[in-house]
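*Asks:* Got a predicted model here, sequence first, then my questions.
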Amino acid sequence: MREVVEVQYSALKGFGTSTVPGHKSVLAFGLIEGVPVVAMLGRLHPYEGHSMSTVVYPIRLMAHLGVKDMIITNAAGSLRPTIPVGTIVVIHDHIALPLLTGLNPLLGPPTSPDHARFVPLSSAYSRPLRLAAFRAAHALGLEKDALAEGTYTWVSGPTYETPAEGRFLRSVGGDVVGMSTIPEVVAARDEGLNVLVLSLVTNLVVIPDSYRSVREEVEAEIAGLSIARPSTPTVTHEEVLAVGKQKAEVMKNLVAKIIGSLSNA
C-alpha cells in the first residue's frame, strides 16, 4: 500500500476497538497497484463482546465511501487432511450456525429502505473475484496446490472446536472453520458489495479417528501392564500467528495482484 493515511478506530464515531493479539485498531487508506483502497488493520468479533451492528459497521461505512469490491482475509483451521497448513482457500460458500440460530447482523429493522428485507446468500461469493484470485495466483507463479476452493464454517468462538464439533462440521460439508468473516460478508451483500474471501489455513482442527479409552487404561493398570499415554494435540493462537507471518508475503502479493487485475478489467 502506497501513500498511506492511517486513522485510529478511536477517532471514528461508531467504531469498536479490536482486542485480539496481532490486530491493530486502524483504518488505512492508500493505493495498491494505483487503485484507491481502504483496509481494516484489525477486525471486530462478536466474541470480543461487540454487538453485531458494531462488528459490521466498518463494512457499511466502506460502502458509503464508494467501495464496490471487498476482499476479506482470515486465518482458519482446516477440517480436511487434503487442505494442509499454509493453503489459501478461496471460499465459495459458507455454513454459519450462529446465523441460523439468532446471531445475524440483519436482525432488527432494515438499515435502509433501499435494502432488501430478505438478503439472498446463494451467490454471496463473487465468481468474477474468485476467477481473479486464481488468475492472480497463476500470474505470480504459485504452485497449483497453493490455492484451494472450499466452504467456510463460521463458529462464534472464542473456543477452538472439540473433536466432535470438528467432525460434525466436516460431515456437513465444511472445509475450513473460523470465528470471523461471515457477519462482514452478510453486511457487504446487504450493501450490494462484491465479496471475495481468502482463508489462510493456519492449523489443522484436532479430529482424531477414535477416542482413547480410559477404561482400557485402568484395566491395563490393574493387570500390571504398561500402556502408552500420548498427549492430546491442541491448537494455540501463537501457532496461528506464526503461520500467518510465514505466509504474509504470499497473501500480500496475491491480494495486490487481484486488485491490480480489477483496475484493468
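*Replies:* Alright, I've got the coordinates.
*Asks:* who's in contact with A228?
*Replies:* Neighbour list for A228: empty [criterion: CB atoms under 8 Å, 6 or more residues apart in numbering]. (C-beta placed from N, C-alpha, C; glycine too.)
*Asks:* host element of it?
*Replies:* For A228, there is no host helix or strand (DSSP states H and E).
*Asks:* Equivalent analysis for R189, please.
*Replies:* Taking DSSP H and E as the definition, R189 sits inside helix 182-190.
*Asks:* for L196, same thing?
*Replies:* L196 belongs to strand 194-204 when assigned by DSSP H and E.
*Asks:* Taking helix 182-190 as reference, get the angle to that strand.
*Replies:* Here strand 194-204 runs at an angle of 170 degrees relative to helix 182-190 (axes from the mean of the first three to the mean of the last three CA atoms, to 10 degrees).
*Asks:* residues in contact with the helix holding R189?
*Replies:* By CB under 8 Å, 6+ apart, the residues outside helix 182-190 that reach it are 43, 46, 52, 55-56, 59-60, 63, 70, 72, 94, 96, 98-99, 104-106, 111, 115-116, 119-121, 124-125, 152, 154, 195, 197.
*Asks:* Please check those residues and keep the buried ones.
*Replies:* Using 16 or more other CB atoms under 10 Å as the burial test, the contacts of helix 182-190 include 43, 46, 52, 55-56, 59-60, 63, 70, 72, 94, 96, 98-99, 104-106, 119, 124-125, 152, 154, 195, 197 as buried.
*Asks:* Helices of the stretch 101-250 of the chain, start to end?
*Replies:* Secondary structure of the stretch 101-250 of the chain (DSSP state H, counting those that start in this stretch): helices at 127-139, 163-171, 182-190, 214-222, 237-246, 248-263.
*Asks:* now for the last one, which elements pack on it?
*Replies:* Packing partners of helix 248-263 (3 or more CB pairs under 8 Å, 6 or more residues apart in numbering; DSSP states H and E): strand 26-32, strand 35-41, strand 69-78, strand 88-96, helix 127-139, strand 194-204.
*Asks:* and the longest one, which residues are buried?
*Replies:* Taking 16+ other CB under 10 Å as the basis for neighbour counts, the residues of helix 127-139 that come out buried are L129, R130, A132, A133, A136, A137.
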